[in-house]
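> with the sequence up front, the predicted model follows.
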Amino acid sequence: MWDYIVVGGGIAGSVISSRLIEQDHSLKILLIEAGPDVSSRTDLTYVNSTNLIMGDFDYNDQTVPQANLNNRQIGNSGGRALGGGSVINTGGWIRGDKVDYDLWAKTVGDQRWSYDSQLPYFRKTENWCDPKQHPDQHGMDGPVYVATPSSTGREYPLRDQVLESWRQIGVDALPELDANAGRIQGVGAMYENRREGKRQITSSVYSLDGVTVLTETVVDSIMLTKGGADGNDVQATGVRLANGTEYEAKRVIIAAGAYRTPQLLMLSGIGPAETLAKHGIEPKVEMPDVGRHLADHVMYYMFWKLKDPSLGYALGSSNPLFSEQQFGLGNANDFITSTVIPQDEGLALAIAKDEADQAAEGKGDGFNDPQHPLYMENFILYVPLPSADPIIPVDGTHITTTMVSLHPTSRGSVTISSRDPRAPPVIDPRYLSTEVDRHVWRTALRQMASLVASDSTILGREVIASETPPSAFAGRPLSNARDVLEDDAYLDARVAAGAISTYHGQGTCAMGKVVEPSTLRVRGVQGLYIADASVIPVVLGSHIQAAVYALAEQAAVLIAQDQQ
Ligand SMILES: Cc1cc2nc3c(=O)[nH]c(=O)nc-3n(C[C@H](O)[C@H](O)[C@H](O)COP(=O)(O)OP(=O)(O)OC[C@H]3O[C@@H](n4cnc5c(N)ncnc54)[C@H](O)[C@@H]3O)c2cc1C
């Protein structure tokens with residue numbers, strides 16, 4: 001009999017297992033991970049690794065066709081290895097804004113989840129590169145090292161022009177360029193959880209000594225018994241593997257991620273009644289919210305041709321700077337810039353339209369809050385990203401702008417396609433299904449045009465020649481021309497044709513609906529807990545791994561304390 005079985009050895013599962021055994025060395029903990037241990041592989045380690053997205057350790061899920069993205073199926077990556085997302089993710093360390101965490105606490109009615117209450121857990125995770133920077137906000141001796149380009153000796157040739165151009169359109173630098181201190185509006189340094197360029201796999205930087213780890217082992221379902229006076233008390237007693245083996249435990253913690261945690265609940269008989277009935281699964285606890293409220297951040301990028309590539313601004317140019325060793329230690333950008341979408345008439349109209357639609361169609365899920373500040377995140381990468389259309393060689397002629405909508409109000413769902421735990425879940429994020437989200441993207445494209453393609457900025461005047469658009473838009477690049485910026489249909493079409501996922505699925509077993517905020521226990525079930533990205537109840541304007549680390553740190557405390 002195990003004291004704990006943790007299902008999923010990803011970011012949250014590794015942190016929780018590590019912290020539980022650290023609190024009590026006598027515990028018997030079994031951590032079960034579907035993928036292999038890849039900690040000694042070198043083809044995942046550095047920024048130039050090619051075995052990441054769509055590689056050997058990516059679930060490489062696809063969404064169902066997305067109505068507002070030209071019916072495209074959107075790739076939704078997820079790590080399938082010990083370490084989960086930390087094995088293939090990009091390493092951006094972006095905590096998000098205080099207001100999001102405070103909304104989280106308000107939404108679930110529990111101050112444990114406010115920014116100030118989560119701050120000790122953010123700090124517990126971090127080993128910050130600069131001990132003098134906001135020491136009240138950052139941890140200095142946690143397992144995860146966090147670096148900036150400048151702390152690794154990387155300052156890119158366009159750095160000053162980018163900073164100045166943001167200032168020229170009214171976007172200032174954050175204090176100490178720190179976008180991880182509770183405020184995101186403005187320009188901050190790009191933080192990455194790489195140590196001397198190396199990826200930090202969670203299960204390697206958090207010690208699992210004393211934890212029994214089973215890799216390449218898929219859990220089929222949670223074993224549940226029904227008892228009590230009325231026969232309705234449900235108790236988790238262990239897990240059943242896909243190969244039929246059963247392990248008993250006093251407590252089971254599910255940390256299988258935003259797509260596979262709801263899948264596992266449904267396969268165990270916890271979920272919407274009609275889904276369980278459709279697949280012939282014996283219902284144990286009817287819970288319609290399992291798999292609902294899925295949120296994900298949409299990303300969109302564009303390529304910009306430089307006026308004079310010989311100036312050596314982009315990777316692939318003959319600039320000798322880029323051959324220096326430190327330029328291999330992180331992604332090719334200096335800054336992350338978050339801008340707020342103005343609370344103007346356009347936004348008000350979009351909100352009114354969505355409210356009317358939701359009333360009519362009953363689509364509101366209680367978490368959409370368009371009154372909350374809506375942020376757009378912007379990066380300038382000094383290299384063209386890999387792309388099928390247009391194909392841009394890394395020859396120093398182009399840079400990339402990337403945007404991520406941090407507070408989408410669209411919500412989707414995850415469900416199961418079969419009783420097989422290895423079958424991919426059915427993922428429907430319903431990207432851009434609200435007018436607010438479409439309005440946000442139009443506003444963001446206009447802002448990007450004013451940053452890189454207008455006379456108002458150094459970038460627009462001196463550095464960038466024009467956009468190199470996908471073939472469907474050849475002859476009509478994004479520019480600062482009125483006929484482009486005022487053409488909503490054109491702006492919508494650009495995003496519909498090119499938007500992709502940022503792989504930040506969250507909210508599918510939401511706290512306050514599926515799990516108790518004070519314990520992370522699954523409602524109506526003794527001995528069963530969830531702690532991973534699936535429990536985040538409001539969309540976080542972050543890249544969520546920092547939030548998942550902090551959540552898991554606190555989960556290890558709350559679950560250990562829970563006297564059920
Ligand atoms: C390509 C990519 C890039 C990203 N870039 C960034 C970034 O730059 N910055 C950032 O902050 N975030 C980034 N993210 C997001 C971040 O990595 C995830 O949000 C995070 O990993 C979620 O943590 P988790 O613990 O909830 O789930 P995961 O880390 O996904 O872990 C879930 C684990 O459960 C295992 N599992 C699932 N089902 C079963 C089962 N039935 N039996 C046994 N094991 C199971 C999985 O194999 C997996 O290892 C990125 C993600 C991806 C995929």
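Received the coordinates, thanks.
> can we go C-alpha only for contacts and neighbour counts from here?
Fine.
> can you spell out which helices and strands pack onto the strand or helix carrying residue 118?
Element membership for residue 118 (DSSP states H and E) is helix 115-125. Other elements packing on helix 115-125 under the criterion 3 or more Cα pairs under 8 Å, 6 or more residues apart in numbering; DSSP states H and E are helix 98-108, helix 545-561.
> helices of the chain, start to end?
Using DSSP state H, the helices of the chain run over residues 11-23, 98-108, 115-125, 159-168, 202-205, 257-267, 273-278, 345-361, 435-452, 458, 482-485, 488-498, 545-561.
> picking that back up, and among the helices and strands packed on helix 115-125, the most buried is which?
helix 545-561 (a mean of 22; mean count of other Cα atoms under 10 Å).
> list the contacts of residue 433.
Contacts for residue 433 were tallied using Cα atoms under 8 Å, 6 or more residues apart in numbering; they are 67, 68, 410.
> dump those into JSON lines; add distance to the ligand and neighbour count as well.
Below are the contacts of residue 433 laid out as JSON lines (distance: Cα to the nearest ligand atom, whole Å; neighbours: other Cα atoms under 10 Å):
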{"residue": "67", "distance to the ligand": "23", "neighbour count": "14"}
{"residue": "68", "distance to the ligand": "22", "neighbour count": "19"}
{"residue": "410", "distance to the ligand": "18", "neighbour count": "27"}
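> now tabulate the residues you listed in a markdown table and tack on distance to residue 150.
Below are these laid out as a markdown table (distance: Cα to Cα, whole Å):
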| residue | distance to residue 150 |
| --- | --- |
| 67 | 42 |
| 68 | 39 |
| 410 | 36 |
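> wait, which of those residues is closest to residue 20?
residue 410 (35.9 Å; Cα to Cα).
> and the pLDDT at the closest one?
pLDDT for residue 410: 92.
> which of the contacts of residue 433 sits closest to residue 474?
residue 68 (21.6 Å).
> and that closest one, how far is that from residue 437?
11 Å (Cα to Cα, to the nearest Å).
> OK, contacts around the most centrally placed residue in the chain?
For the chain, the residue sitting closest to the mean C-alpha position, by Cα atoms, centre = their mean, is residue 504 at 2.6 Å. Residues in contact with residue 504 (Cα under 8 Å, 6+ apart) are 295, 296, 297, 543, 544.
> try 6 Å
residue 296 (Cα atoms under 6 Å, 6 or more residues apart in numbering).
> from residue 326, how far out is it?
Counting by Cα to Cα, the gap from residue 504 to residue 326 is 29 Å.
> hmm, back to that, quick check: phi and psi on the residue nearest to the centre of the chain?
In terms of degrees, to the nearest 10, the main-chain angles of residue 504 are phi -120, psi 40.
> let's see the pLDDT reported for residue 368.
56.
> which stretches of the stretch 1-150 of the chain have low pLDDT?
Applying pLDDT under 70 to the stretch 1-150 of the chain flags no residue at all.
> close to the ligand: what parts of it are there?
Within the stretch 1-150 of the chain, the residues that sit near the ligand (Cα under 6 Å from any ligand atom) are 7-13, 32-35, 53, 77-86, 88-94.
> give me the subset of these that lies in strands.
Counting by DSSP state E, those place 7, 32 in strands.
> could you pull out the buried residues of stretch 198-216?
198-208, 210-211, 213-215 (16 or more other Cα atoms under 10 Å).
> average pLDDT for that stretch, rounded please.
Rounded mean pLDDT across stretch 198-216 is 98.
> touching the ligand at all, it?
No. Figure legend: stretch 198-216 not in contact with the ligand (Cα under 6 Å from any ligand atom); closest approach 7.8 Å.
> pull the residues that contact that stretch.
11, 14, 18, 29-36, 45-46, 83, 86-87, 143.
> nearest to residue 233, of the helices and strands packed on helix 115-125?
So among the helices and strands packed on helix 115-125, helix 545-561 is nearest, using Cα to Cα, at 19.7 Å.
> could you check the angle helix 115-125 makes with that closest one?
100 degrees (axes from the mean of the first three to the mean of the last three Cα atoms, to 10 degrees).
> what's helix 545-561 in contact with?
12, 16, 20, 95, 121, 122, 519.
> distance between it and the chain's centre?
Remark: helix 545-561 is offset 16 Å from the chain centroid, using Cα atoms, centre = their mean, to the nearest Å.
> mean confidence for that helix?
On average, helix 545-561 scores 98.
> what is the orientation angle of that helix with helix 11-23?
Using the same axes, to 10 degrees: helix 545-561 against helix 11-23 is 40 degrees.
> thought residue 30 was touching residue 8?
No. Residue 30 is not in contact with residue 8 according to Cα atoms under 6 Å; the separation is 10.4 Å.
> more neighbours: which of these two?
In terms of neighbours (other Cα atoms under 10 Å), residue 8 is the more surrounded of residue 30 and residue 8; the figures are 32 against 21.
> what's near enough to touch the more buried one?
32, 33, 255, 256.
> ok, residue 91 next?
Contacts of residue 91 by Cα under 6 Å, 6+ apart are 192, 193.
> please apply the same query to residue 13.
Here residue 13 is in contact with residue 255 (Cα under 6 Å, 6+ apart).
> once you drop chain neighbours, what's closest to residue 523?
residue 515 (5.4 Å; Cα to Cα, 6 or more residues apart in numbering).
> surely the one you found and residue 521 touch.
Yes. Residue 515 is within contact range of residue 521, at 5.3 Å (criterion: Cα under 6 Å).
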